[in-house]
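[1] predicted model and sequence follow; I will ask about them next.
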Amino acid sequence: MPNPISQANKAFQANIQYALSALTKVHWKVYEHPAKGELVRLYTLFPPLTLKNRLSQALFKLSAHVHTEVIKSEGSKKRVQTTEYIYQIADSKDLKALFEFHWHPNKLDRNSLEPAKLGSTDRTPFGRPHAHVRAHDKRFIDLNKRHIPTGRVAFEDVIFFLLDDCEVKPARADWKAVLDKTSKELEKNKSW
Amino acid sequence: MKAATAQKSETHVQTTAQARRLFNRTVKSSLGISAIEFISNYQNGMYEDRDDCDIMSLLMLLPFTGYSAEYAKSNKSGK
């Protein structure tokens, strides 16, 4: 009988990899927790991906960390829940962050160096989903270090932003259909 | 360490040693200090009130490096 934890991870990984295929042929690197094994995983895009425009000029560097846990679903079924994420879009030349989407609600316990048991004092100062935008336009306030509130941002949303709004060249012609499909899959399984 | 087995190439699962190398490199490039120094600083509360999401991204990697088991302190040793 197939292991339900492995099955849940496999389904999640297939979906997030398919979403990434809109942008690149690179694969996510997956790390498993040394003690908890495949129950707790970290998906990373690191070193950052270089993103180019249609003229093959480098525009951005994209890096991402997505922390997941396998949780109980209906009956004996399991599903994967995203528990933290950090997506960063940086300038391709000086590597300075331009846009960042963060959700890191859990403090790391200073003694055990593992995520703290959830309680009000164990939350990080900016535990709600937020974005950082670095802007230099003097007409506006300095946005550096501001935590601009967002809803939870799916990786698909970041890819869509890059392809639809930031002139990044897609890796495939059907990228909109790909992201539409993976977003629907995410909608079915997400807990928020 | 369960994850410190050979890389499962079909799922791109990396080893704990690879996680540690990534962490060491990232700490060095972000803060210019060693991973061990960063862990010691964190355990001593140096980053406690710092509004810095860069620190958070480093902490996200830490549990996958095997350093947690190596450097964990007992809860009696003063939080």
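    Received it, and whenever you're ready, just let me know what you need. Numbers count the residues shown, from 1 in each chain, chains lettered A, B, ... in the order given.

[2] what's the worst-scoring helix or strand of chain B on mean pLDDT in contact with?
    Among the secondary structure pieces of chain B, namely its helices and strands, helix B:53-61 has the lowest mean (mean pLDDT, DSSP states H and E), a mean of 89. If you take Cβ atoms under 8 Å, 6 or more residues apart in numbering or on different chains as the criterion, helix B:53-61 is touched by A:31, A:42, A:65, A:67, A:84, A:86, A:100, A:102, A:104, A:108, A:124, A:126, A:132, B:19, B:22-23, B:26-27, B:30-31, B:38, B:42, B:47. C-beta here means a position set from N, CA and C on the backbone, and glycine is covered the same way.

[3] flag every residue of chain A that's near chain B.
    By the criterion of Cβ under 8 Å from any Cβ of the partner chain, the positions of chain A lying close to chain B are A:9-10, A:13, A:27-35, A:37, A:40, A:42, A:44, A:46, A:65, A:67, A:84, A:86, A:100, A:102, A:104, A:108, A:110-115, A:124-126, A:132, A:145.

[4] spatially nearest residue to the residue minimising distance to the centre of chain B, not counting backbone neighbours?
    For chain B, the residue nearest the mean C-alpha position is residue B:62 (2.4 Å; Cα atoms, centre = their mean). Nearest residue to residue B:62, sequence neighbours excluded (Cβ to Cβ, 6 or more residues apart in numbering or on different chains): residue A:113, at 6.0 Å.

[5] quick one: the strands in the chain?
    No chain specified, so I'll use chain A. Counting by DSSP state E, chain A has these strands, from start to end: A:29-33, A:37-52, A:58-72, A:78-91, A:97-103, A:130-133, A:148-149.

[6] oops, wrong one, chain B.
    With DSSP E, the ranges of strands along chain B come out as B:13-14.

[7] which other helices and strands contact the top helix by length along it?
    When chain B is scanned for its longest helix (criterion: DSSP state H), the result is helix B:16-31. Using 3 or more Cβ pairs under 8 Å, 6 or more residues apart in numbering or on different chains; DSSP states H and E as the contact criterion, the elements in contact with helix B:16-31 are strand A:29-33, strand A:37-52, helix B:35-43, helix B:53-61.

[8] low-confidence regions, chain A specifically.
    Along chain A, segments meeting pLDDT under 70 span A:117-125, A:191-192.
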